[in-house]
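Q: test case, fold it:
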Amino acid sequence: MARTLPTTLGKVNGHRVEFTPTHREDNPTPVVTTMVLAVPMSIEDITAALMYITNGSSDADVADWLADDTAVRQSVMETVFGLGGHELGRERLAVASIDPDGPDGERLAMVRACSVRVFAPSHPVPAPRMSPEAA
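A: Predicted structure coming up:
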């Protein structure tokens, strides 16, 4: 009998995302609690996650995969969870050094466009409220 893997839920710009956290794959220990957190993400962070995910894929395969917004959201959440903040930061720095005219330039352009299309807010992000004392 196949074992059902526990999934977790996330939300990106109002879209519900369900995925299996990597630490639960092939992990027979019982789940005793859950953690909830909000992870602040920039377009550059998301682009770094997508570049990590698509590394080694052909531009044609990347273009096909990036067309599936649900798969993109799910994979970015899985990758951010799996890599953690330090590795994601390293990936972001690596992406910042990519030459747009180099071998990864076309993939980077596709990934950036997808990051904005799928993850950018559909309305302006409100500025933080200031207390009357700070004004």
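Q: what segments of this structure are strands?
A: Under the criterion DSSP state E, the chain carries strands at the ranges 8-12, 15-19.
Q: okay, the ones you listed in JSON lines with distance to Ala120 and mean neighbour count next?
A: (C-beta placed from N, C-alpha, C; glycine too.) Below are the strands of the chain laid out as JSON lines (distance: least, C-beta to C-beta, whole Å; neighbours: other C-beta atoms under 10 Å):
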{"stretch": "strand 8-12", "distance to Ala120": "11", "mean neighbour count": "15"}
{"stretch": "strand 15-19", "distance to Ala120": "13", "mean neighbour count": "14"}
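Q: which of these sits closest to Ala38?
A: strand 8-12 (9.2 Å; C-beta to C-beta).
Q: who are the packing partners of the closest one?
A: With contacts taken as 3 or more C-beta pairs under 8 Å, 6 or more residues apart in numbering; DSSP states H and E, strand 8-12 sits against strand 15-19, helix 69-96.
Q: buried residues in the longest one, which are they?
A: Residues 72-83, 88, 91-92, 95 are the ones in helix 69-96 that count as buried (16 or more other C-beta atoms under 10 Å).
Q: which intervals of the protein have sub-threshold pLDDT?
A: 1-5, 122-135 (pLDDT under 70).
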